[in-house]
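Asker: dropping the sequence and predicted coords here.
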Amino acid sequence: MIDRHKHLLTPLPQGPVFKRLLDYAKPHWKWLTIAMILLIGGTGAELIGPILIKIFIDDFLTPRVFEFQPLLLLGAGYLFLHFSAAIMNYSQLLLFQKIALKIIQKLRIDIFAKVEKLGLSFFDQFPTGGLVSRITNDTEQVKELYVSVMATFIQNIVFLVGVFIAMFYLNPQLALFCLVLLPMILTIMHLYRKFSSKYYAEMSEKLSELNARLNESIQGMTIIQLFRQERRMNREFQEINEGHHQAWYKSMKLDGLLLRPAVDFISIIALVLVLTFFGITSLNNPVEIGVLYAFVNYLDRFFEPVNQIMQRLSIFQQAMISAGRVFRLMDHDELAPQKQGTNEPIVSQGDIEFRNVTFSYDGKQDVLKNISFKVNKGETLALVGHTGSGKSSIINLLMRFYSIEQGEILIDGQPIESYTNKELREKIGLVMQDPFLFVGDVKHNIRLFDDTMTEAKVKEAAEFVHADSFISKLPKGYDHPVGERGSTFSSGQRQLLSFARTMAKAPKILVLDEATASVDTETETEIQLALEKMRKGRTTIAIAHRLSTIKNADHILVLHQGQVVEQGNHKELLKQKGLYEKMYLLQQGAEKLEESPSN
Amino acid sequence: MLRVFIDLMWYFKQEKWQYGGGIAILAVVSVLSLLPPYIVGVIVDHISMNTLTEQILWQWMLVLFVLAVMVYILRFVWRILIFGSAIRLARLLRNQLYEHFSKMTSSFFQKRRTGDLMAHSTNDIRAVEQTAGAGVLTLVDSLTMGGFVIITMAATISWELTLIALIPMPFMALATSKYGSMLHARFSKAQAAFSTLNDKVQESMSGIRVTKTFGYETEDVESFKKESDHVVKKNVEVAKVDALFDPTISLIVGMSFFLSIVFGSRYVVAGEITIGQLTSFTVYLGLLIWPMLAFGWLFNIVERGRASYDRVRNLLSVKQDIVDEPGALTKPPKGDLTFEINEFSYDQEEEPALSSIQLQITRGETLGIAGRTGSGKTTLVRSLMRDYDIQKGSIYFENRPITQYTLEAIRTTVGYVPQDHFLFSATIADNISFAKPDASYYEIIQAAELAAIHEDILQFEEGYETMVGERGVTLSGGQKQRISIARAILKDPEILVLDDSLSAVDAKTEETILQHLRDIRRGKTTLITAHRLSAIKHADQIIVMDQGTIAEHGSHDTLMDRNGWYRNMYDHQQLESLVHKGGESS
């Protein structure tokens, strides 16, 4: 990982995170309001129940007055309230969850779209695993945040407020007295939050360490076994497992000390408070038993929401951290180079020119130094040189995966920056060294996202690159499934498929990154034939490993440490009596099978 | 349903004091929880009958307070006992699984996806832990607490009223259990949708270069949107059930309260119970909510736990493919190596992967193996590690069949550098000294020098202490290969196998490494498979594999004279490498 990306590992602070989470909720304000109204309605209806019972006890039961009609009204009212509370609560619960899910979907799409917009410079440096976990796991945590905040925090706070209102209605003095409970609860919450954030962070760190080790061990089990390190790895895993266990045990103890048992403790203290209050009052004045009943009942209900909130606190904190990481990535500014200027040129010929291009990935070390060359329509340029000589960088620049700082790249005489992304991608076809296949079927891998491409065209492209012969032998032909990374296909077959994929778009310019390792001989011939056909009539720039490609090239660029050391076509290079000539002479001795080049 | 508790009995027995103590304390807490409502009833009665004195009040309040403290402590203690045991079970199972994995051969890992194995070791173990913790708690609590409350209500107040008030309660247990299994089914679907989304993201990120090359970013985002729609849909299905819980519970509890007030007041009027008793009664009723809920939850926890525990047990019960024969030799073999493989196939139904292979390698010789992809090169060299048993024929070390040695012995003898170089997220030094963790720095550096990677390592800021892997530096394929080679060199095995492990290093470095190998491998056997024939040119024997059998066999010179595949390939590669060397002046 490079310094430019280090900050992505530290989450954004809580303040801005909270604000942005709220922003995501804003578009849903209408439904949120409805859900809130339903919530308040449902909570109210539920809380009026004990008051009705209180009225019954104090006005009817205690004085032993039983009038049929008011009693019926009271009973029917009680039942009605409960049923409507059930309906309203169901609706609001569902609504809140739905909204939370929608918000998360939006957040997910936003972060995914953002990442897709980032330049390859980002992907070349940032580990894929980390990215995937930002987009899925971290947002999943944030989902917990919305669900718990909306479903638990808001609900329970509304409920708590409702309980207090009901208590004030019954006996303001006592209710005021009960407010003493609040600081107690808040203190416990604060304590819990303080410790749990530390403990849970430790636990999740240990857990990810554990998972990482497990994952790595499963993948590298062969190595572990071959080197007979099972015992050591077992021991190390046990240590990590033990560390995780300790952290877990610690947070379990914390939960035991400050969560439910503590809240239950306070609830009994609250009961002592209420009973003492009524008891002492009753020594001098008469008290309404019904009010006492209702109070005890409310107190009973009061503590469950508190429990709920407290249990969610640790999730809440974890989720805030995850959200912080997600937003940090969303703010990352390393976009792919975009079109500049207003005119929209079109690639009609496919002439390519590099003018004094100098380039560096990190701003320190130049990987390309003052590179100039020109390739005209239909010609082939072969780039020759060893790893690190700058071949791949030339391709990265030509594909506009990176933007150039010095010099110019012209396509059909127009600077590369002036083309739209669409135009560039459509007209320049890149064939990679290690072809990537997507899960799906053969057809999908040729067509990719172009739904307008007919089956006939898919087949045509496959035939063109000689892939049809092996595809038609597959049990399901073009509908044959492709597994993860196309592992059921040989590397040669994968290459042919990627050729077909490129040819189906009929690009004007072909950029080839030839595979170094020769594949099986049968496919090899097919590949050679395909490559020759593909190059015909197209401007081709190739990182060449195959002799035929190099010999038939119109221009050859011999690169060394980012500089062109020799250039020209086969004949010119021979005349230069440099490296190329030396190489070719050596080759003459060994070469008996191949004809001397025709051009 | 509750079978999982029987399945887990071995653990409960093992931790009998913990569980016994925990359950006993839970029961005590249940009894103690009955006291507050009783005290409420007593006070209410005193108030309503005007018999309350300050002394009575303080007395009872003191009892309540002491009770609160006791319950607090006891609750903490049972958690430690029961939940503590449960998480120890998780630790135990995880260790067992890991150890089990380490005994499995590669066919086990080929049949299963890493993600699935991870899920078993995390989610499934978590579900089992829940069963052994929360499952036990809900079972005990719903039985003791529920039982005690009902008995108290029936015995101290009125059994008739108790029966009436309880009418709606079974519906609650029924409903929560029903909702629970619905929820679980839908939740699994939501999880599956999420994991599809995860796969989608994984693929998009790995294939980003292709997507960008074709300019399909927007389309890819669209297809991600579709997947995320699916996730939302499945999660809404979950929410629909999830939202049923609370309203149903409060509705049923409300009914219970209603019934007890309506009928209770009749008993009050009839003088059978006091108002205070009625108040306590409703508080008791409140105490019943939790046991009923627990009862409903119990079924869900247990259902999940059972499925998970079954999966974990299935995994643990997978037999080792390859086991040592009784009396197998533990002494690592040395000396000559003979292949006599008549037929070998990975799967009975498939075409044989190897057939008619007769090969004699004298100790100290180097064998080169060439052939195109899929010709059986890797299968042949891996058969040395006894990943699979050969159906017809065998491999002989010192004229004894491979099966007469323990796996441990064979793996000591053979050092293997695989095609797909795999490094651990550790320092470079740790990776090189993987087979010999106590190796000195001197040994590590020596191995690195022999593998021609020392200079590269020195280029890193932290040298040998540089971390590799996701959180460390990104190494090139060639660097990884060379570190893998250094790792095998440090082991200094009797038989060294390089399985196409020089493919990503340039010709010059390859030559250096091969030269070093010739020096240090004197008197020891080396097997090299390669695409690039320059890597095996100097071998004492060279075989060319084709369709699982030996097509050509001889030394470089004899094979060149034969004018066969080897000759063709060699010439061809020779040309290409010359061309290639154009820019390689370093």
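Answerer: Perfect, I can see it now. Numbering: from 1, shown residues only, chains lettered A, B, ... in the order given.

Asker: C-alpha from now on. contacts and neighbour counts both.
Answerer: Fine.

Asker: how many other residues sit next to residue 62?
Answerer: Here I'm looking at chain A. Applying other Cα atoms under 10 Å in any protein chain shown, we find 17 other residues in the vicinity of A:Thr62.

Asker: that's the wrong chain, I meant chain B
Answerer: The burial count for B:Leu62: 13, using other Cα under 10 Å.

Asker: mind listing what it touches?
Answerer: By Cα atoms under 8 Å, 6 or more residues apart in numbering or on different chains, the contact list for B:Leu62 is empty.

Asker: and if you look at the one 3 residues further on?
Answerer: By Cα under 8 Å, 6+ apart, the contact list for B:Phe65 reads A:268-269, A:272.

Asker: top of the residues you listed by number of neighbours, please.
Answerer: A:Val272 (24 neighbours).

Asker: any idea how far the closest residue to chain B within the stretch 251-400 of chain A lies from A:Ala544?
Answerer: Nearest to chain B, among the residues of the stretch 251-400 of chain A, is A:Gly385, at 4.2 Å (Cα to the nearest Cα). Going from A:Gly385 to A:Ala544 by Cα to Cα, to the nearest Å gives 9 Å.

Asker: what's the answer for B:Phe76, then?
Answerer: Taking Cα to Cα, one finds B:Phe76 at 71 Å from A:Ala544.

Asker: compare the two (neighbour count), which wins?
Answerer: When B:Phe76 is set against A:Ala544 and neighbours are counted by other Cα under 10 Å, the residue ahead is A:Ala544, at 25 against 22.

Asker: what residues are bridge-paired with the closest residue to B:Gln391 other than its chain neighbours?
Answerer: Excluding the flanking residues, the one nearest B:Gln391 by Cα to Cα, 6 or more residues apart in numbering or on different chains is B:Phe344, at 5.5 Å. Here B:Phe344 sits in beta bridges with B:Leu354, going by DSSP bridges.

Asker: state the number of residues packed around B:Phe344.
Answerer: 25.

Asker: same thing with the one 3 residues further on?
Answerer: When neighbours are counted by other Cα under 10 Å, B:Asp347 registers 9.

Asker: so where does it fall, helix or strand?
Answerer: Taking DSSP states H and E as the definition, B:Asp347 sits outside all helices and strands.

Asker: now A:Leu383: phi and psi?
Answerer: Dihedral pair for A:Leu383: phi -100, psi 120, per degrees, to the nearest 10.

Asker: next: B:Asp499.
Answerer: Dihedral angles for B:Asp499 - degrees, to the nearest 10 - are phi -100, psi 90.

Asker: contacting residues around it?
Answerer: B:378, B:381, B:416-419, B:528-530.

Asker: give me every residue in the stretch 1-150 of chain A lying close to chain B.
Answerer: For the stretch 1-150 of chain A, the residues in contact with chain B (Cα under 8 Å from any Cα of the partner chain) are A:1, A:53, A:61, A:64, A:78-79, A:82-83, A:85-87, A:89-91, A:93-94, A:97-98, A:101-102, A:105, A:108-109, A:112-113, A:116-117, A:120, A:127-129, A:131-132, A:135-136.

Asker: can you rerun that using 7 Å?
Answerer: By Cα under 7 Å from any Cα of the partner chain, the residues of the stretch 1-150 of chain A that approach chain B are A:1, A:61, A:82-83, A:86, A:89-90, A:93-94, A:97-98, A:101, A:105, A:109, A:112-113, A:116, A:127-128, A:132, A:136.

Asker: which of those residues are buried? Put it as a PyMOL command.
Answerer: Selection of the buried residues among the residues of the stretch 1-150 of chain A next to chain B in PyMOL, burial being defined by 16 or more other Cα atoms under 10 Å in any protein chain shown:
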select buried, chain A and resi 61+82+83+86+89+90+93+94+97+98+101+105+109+112+113+116+127+128+132+136
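
Asker: so which of the contacts of B:Phe65 reach chain B?
Answerer: The subset of the contacts of B:Phe65 within reach of chain B, by Cα under 7 Å from any Cα, is A:268-269, A:272.

Asker: now intersect these with the helices, please.
Answerer: A:268-269, A:272 (DSSP state H).

Asker: from the residues of the stretch 1-150 of chain A next to chain B, which land in helices?
Answerer: Counted as lying in helices by DSSP H, out of the residues of the stretch 1-150 of chain A next to chain B, are A:82-83, A:86, A:89-90, A:93-94, A:97-98, A:101, A:105, A:109, A:112-113, A:116, A:128, A:132.

Asker: gap between the residue in the stretch 1-150 of chain A that chain B sits nearest to and B:Val236?
Answerer: Of all residues in the stretch 1-150 of chain A, the one sitting closest to chain B is A:Ala86 (4.5 Å; Cα to the nearest Cα). Distance of A:Ala86 to B:Val236, computed by Cα to Cα: 19 Å.

Asker: please apply the same query to A:Phe295.
Answerer: Counting by Cα to Cα - A:Phe295 and B:Val236 are separated by 37 Å.

Asker: these two: which is more packed in?
Answerer: Neighbours per residue, other Cα under 10 Å: of A:Phe295 and B:Val236, the larger number sits with A:Phe295, 25 against 21.

Asker: how near is that one to A:Pro183?
Answerer: 19 Å.

Asker: what do you get for A:Leu21?
Answerer: In terms of Cα to Cα, A:Leu21 sits 28 Å off from A:Pro183.

Asker: comparing these two, which residue is more hemmed in?
Answerer: Comparing A:Leu21 with A:Pro183 by other Cα under 10 Å, the one with more neighbours is A:Leu21, at 20 against 10.

Asker: tell me which element the more buried one falls in.
Answerer: Using DSSP H and E, the element containing A:Leu21 is helix A:14-25.

Asker: for the very next helix or strand once past that helix, packing partners?
Answerer: Sequence-wise, the next helix or strand downstream of helix A:14-25 (DSSP H and E) is helix A:29-55. Helices and strands touching helix A:29-55, by 3 or more Cα pairs under 7 Å, 6 or more residues apart in numbering or on different chains; DSSP states H and E, are helix A:68-117, helix A:155-170, helix A:289-330.
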